[in-house]
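J.: Sequence and computational prediction follow.
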Amino acid sequence: MAKRWQKPKRFDRNLIVIGAGSAGLVSAYIAAMVQAKVTLVEAHDMGGDCLNTGCVPSKALIKSAKVAHQVADSPRFGIQSGAPVIDFPAVMRRVRDVITAIEPHDSVERFTGLGVDCVKGYARFIDPWTIEIDDARQLTAKSFIIATGAAPFIPPLPGVEDSGYLTSESLWDVMADRPSAPARLVILGGGPIGCELAQAFQRLGSKVTIVEMADRLLLKEDADAAALVTARLQAEGVTIHTAHRALRFSSGKTLVVEGPQGEKSIAYDDIIIAVGRKPRVSGFGLEELGLVVDGQLENDDFLRTNMPHIYCAGDVAGRQQLTHGGSHEAWYASVNALARPFKKYRTDYRVLPRVTYTEPELASVGLTEAEARAQGLSFDVTRYDLDDLDRAIAESEAHGFVKILTAKGSDRILGATIIGQNAGEILAEVTFAMKHKMGLRKILQTIHPYPTWAEANKYAAGQFGLARKPEALLKWAERWFRWQRG
Ligand SMILES: Cc1cc2nc3c(=O)[nH]c(=O)nc-3n(C[C@H](O)[C@H](O)[C@H](O)COP(=O)(O)OP(=O)(O)OC[C@H]3O[C@@H](n4cnc5c(N)ncnc54)[C@H](O)[C@@H]3O)c2cc1C
Ligand SMILES: NC(=O)c1ccc[n+]([C@@H]2O[C@H](COP(=O)([O-])OP(=O)(O)OC[C@H]3O[C@@H](n4cnc5c(N)ncnc54)[C@H](O)[C@@H]3O)[C@@H](O)[C@H]2O)c1
């Protein structure tokens, strides 16, 4: 390294963080908290994908769609209201307002107040210790964290450039000016983005078709849980083509797909491409430093790239793509970068929860059954069906389940999947137990208020206990009580 580049004798900063999404913001925050001199460089909007084009607008849209669905569904609860009238521009204005309300949490003002030097501009490495911002100002640092996120992957299908496709990044601005939701909406990709947006747009008046090349939706999640999401989407009118591969676009806004029955043409008014997100690693000097191999930013379990003073966190690191995952990695990247060479911490993803905000909601943490099997683990599965839960019955939402995997011969939790209303909230207790190595018996011993959704965890733990009754002791007790009755 020294031969090709001259290392500066002094540095302007202890740490420079590139990208102000969840990973970059948290990295800069931690550095400022421990009194390091830190600069955070952001080319576009503070808050990155989550605030501007990801979690926040999608959850705001999902809420409006849920209200529309509840209005349509109200006779089920004894309320007559007529079909919902969707004021789509007002829905999109609300999405914008929600972003505006949350913006201050991620703002330059807030982070400057916390001691972070925030710089607006596009950063590019010119050597391993120096970045240039907007081809003008240069800054050096002892360490760096690359937190540049990911961008939608666009498959190189014939005709794609003229297809008028939208992505999770572009759709918000485009839809903001529309009088109504697209009449026929095709969504390519049946992952979390595809499923969440499909249900939301269907509920807001679109006729949605999902095209997914795998044989089921939500491939990374428990198959039983994903099947319930699929069934609900279909019941609400979404057309789902699994095992269908997109082949090409033809003129007149048509997608040609190939499935088990051959080729099929699907006409659309709009198409959203949601087939995964690709780490942003090019155009700002990483390739020139030799940090990118086969299109990936190489990094180890300490989030260190192949230059020991350059770290990474968030979507760009290629290990997970979640907002809280990015914040989690930010802790490791910033602490490892600042404590170098005295101390380093290995990343740990064993207790990383995730939630897909469809209705029913699908929440999981740790291993799925398929993952536990693939790892050759010996485990038990306890399942509690929510059709038994009083709160779920009272709310006429008695569907879904809690599925918990435990290590064979113990109550140690290896993973959990919850599907149903408020699954993400119910999962919090299991995540806490798992993180702090508390088994299912500890959940069973905890008082849960009646009637709550969280009681589902207690009943699942109860189910676990029932399946492991001390049969010999109970036989003895039965004899003892019979003897006592005389
Ligand atoms: C529709 C959708 C819904 C989602 N919903 C959820 C959800 O409900 N829950 C959840 O946990 N996750 C969700 N995600 C994922 C989540 O948004 C991302 O995982 C998270 O935002 C990634 O954060 P990050 O900090 O790694 O990157 P980003 O937020 O992408 O931030 C990277 C930043 O770096 C900047 N940048 C890039 N290059 C440079 C450069 N050279 N110089 C300066 N700045 C640069 C970019 O402008 C950007 O602001 C969703 C994603 C999408 C698309
Ligand atoms: N609620 C949440 O936490 C949330 C919501 C949205 C997104 N996210 C994050 O964003 C990431 C990206 O989401 P995503 O849904 O774009 O990606 P994904 O990788 O999770 O799913 C993409 C799907 O597209 C399919 N696919 C790929 N190429 C295809 C093709 N040519 N034709 C048809 N189908 C094709 C894949 O088989 C896969 O099922 C997620 O993995 C997740 O981490 C999270």
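T.: Great, that's in hand. Numbers count the residues shown, from 1 in each chain. Ligands and ions are numbered 1, 2, ... in the order given.
J.: contacting residues around stretch 300-308?
T.: Residues from elsewhere that reach stretch 300-308 (Cβ atoms under 8 Å, 6 or more residues apart in numbering): 1, 128, 146, 289-291, 297-299, 310-313, 317, 329, 332-333, 336, 340, 344-347. Backbone N, C-alpha and C define where each C-beta goes, glycine included.
J.: again with stretch 339-346
T.: 143, 301-302, 308-309, 332, 335-336.
J.: same check, this time on stretch 46-59
T.: By Cβ under 8 Å, 6+ apart, stretch 46-59 touches 19-22, 24-25, 42, 44-45, 95, 98-99, 102-103, 105-108, 111, 118, 149-150, 168-169, 172, 193, 196-197, 200, 315, 323, 357.
J.: how does this protein divide up, domain by domain?
T.: With domains defined by the TED database, the chain comprises 13-152+278-339, 160-276, 360-467.
J.: The longest one: how far from the chain's middle?
T.: Here domain 13-152+278-339 shows a centroid-to-chain-centroid distance of 13 Å under the convention Cα atoms, centre = their mean, to the nearest Å.
J.: Now do the same contact list for the closest residue to residue 266 other than its chain neighbours.
T.: Using Cβ to Cβ, 6 or more residues apart in numbering and skipping residues adjacent in sequence, the residue nearest residue 266 is residue 255, 4.9 Å away. Listed by Cβ under 8 Å, 6+ apart, the contact set of residue 255 reads 163, 186, 188, 211, 246, 249, 265-266, 268, 271.
J.: Can you give me the buried ones in the biggest strand by length in the chain?
T.: The single longest strand within the chain, with elements called by DSSP state E, is strand 137-146. By neighbour count with 16 or more other Cβ atoms under 10 Å, strand 137-146 contains the buried residues 139-146.
J.: Looking at these, spot the one nearest ligand 2.
T.: Ligand 2 has its nearest neighbour among the buried residues of strand 137-146 in residue 146, at 18.6 Å by Cβ to the nearest ligand atom.
J.: Identify the residues contacting the residue positioned nearest the centre of the chain.
T.: In the chain, the residue lying closest to the centroid (Cα atoms, centre = their mean) is residue 322, at 4.0 Å. Taking Cβ under 8 Å, 6+ apart, we find residue 322 in contact with 352, 354.
J.: so how far is residue 21 from it?
T.: 11 Å (Cβ to Cβ, to the nearest Å).
J.: With residue 392 instead?
T.: Here the distance between residue 392 and residue 21 works out to 36 Å (Cβ to Cβ).
J.: can you pull out the strands in the stretch 201-350 of the chain?
T.: 207-211, 239-241, 245-250, 254-259, 262-267, 270-273, 277-279, 292-293, 296-297, 310-312 (DSSP state E, counting those that start in this stretch).
J.: Most tightly packed of those strands?
T.: A comparison of the strands of the stretch 201-350 of the chain by mean neighbour count, using mean count of other Cβ atoms under 10 Å, puts strand 310-312 on top with a mean of 29.
J.: average pLDDT across that strand?
T.: Mean per-residue pLDDT for strand 310-312: 98.
J.: From the contact counts, what lies against that strand?
T.: Counting contacts by 3 or more Cβ pairs under 8 Å, 6 or more residues apart in numbering; DSSP states H and E, strand 310-312 is packed against strand 137-146, helix 323-339.
J.: and of these, who's closest to residue 179?
T.: helix 323-339 (31.7 Å; Cβ to Cβ).
J.: Contact partners for residue 121?
T.: Residue 121 is in contact with 41-43, 133-134, 136-137, counting by Cβ under 8 Å, 6+ apart.
J.: wouldn't residue 370 be in contact with residue 224 here?
T.: No: in this structure, residue 370 is not within contact of residue 224 by Cβ atoms under 8 Å, at 10.6 Å.
J.: Any figure for the gap between residue 197 and ligand 1?
T.: Distance of residue 197 to ligand 1, computed by Cβ to the nearest ligand atom, to the nearest Å: 7 Å.
J.: Could you do residue 110 as well?
T.: Relative to ligand 1, and taking Cβ to the nearest ligand atom, residue 110 is found at 16 Å.
J.: How about residue 352?
T.: 10 Å.
J.: contacting residues around the closest residue to that residue other than its chain neighbours?
T.: Take residue 352 and drop its neighbours on the chain: the residue closest to it by Cβ to Cβ, 6+ apart is residue 325, 5.8 Å away. Contacts of residue 325 were listed using Cβ under 8 Å, 6+ apart, and they are 314, 319, 349, 352.
J.: closest one to residue 464 among the strands of the stretch 201-350 of the chain?
T.: With Cβ to Cβ as the measure, strand 239-241 is the member of the strands of the stretch 201-350 of the chain nearest residue 464 (34.1 Å).
J.: So which of the contacts of residue 325 wins on neighbours?
T.: residue 314 (38 neighbours; other Cβ atoms under 10 Å).
J.: what about the closest residue to that one other than its chain neighbours, is that helix, strand or coil?
T.: Nearest non-adjacent residue to residue 314, counting by Cβ to Cβ, 6+ apart: residue 23, 2.7 Å away. Assigned with DSSP: H, G, I helix; E, B strand; the rest coil, residue 23 falls in the helix class.
J.: OK, contacts around residue 23?
T.: Contacts of residue 23 by Cβ under 8 Å, 6+ apart are 145, 147, 149, 313-317, 326-327, 329-330, 333.
J.: and ligand 1, which of those contact it?
T.: 147, 149, 314-316, 326 (Cβ under 6 Å from any ligand atom).
J.: Residue 414 and residue 373 touch, don't they?
T.: No: here residue 414 does not reach residue 373: they are 11.3 Å apart, not a contact under Cβ under 8 Å.
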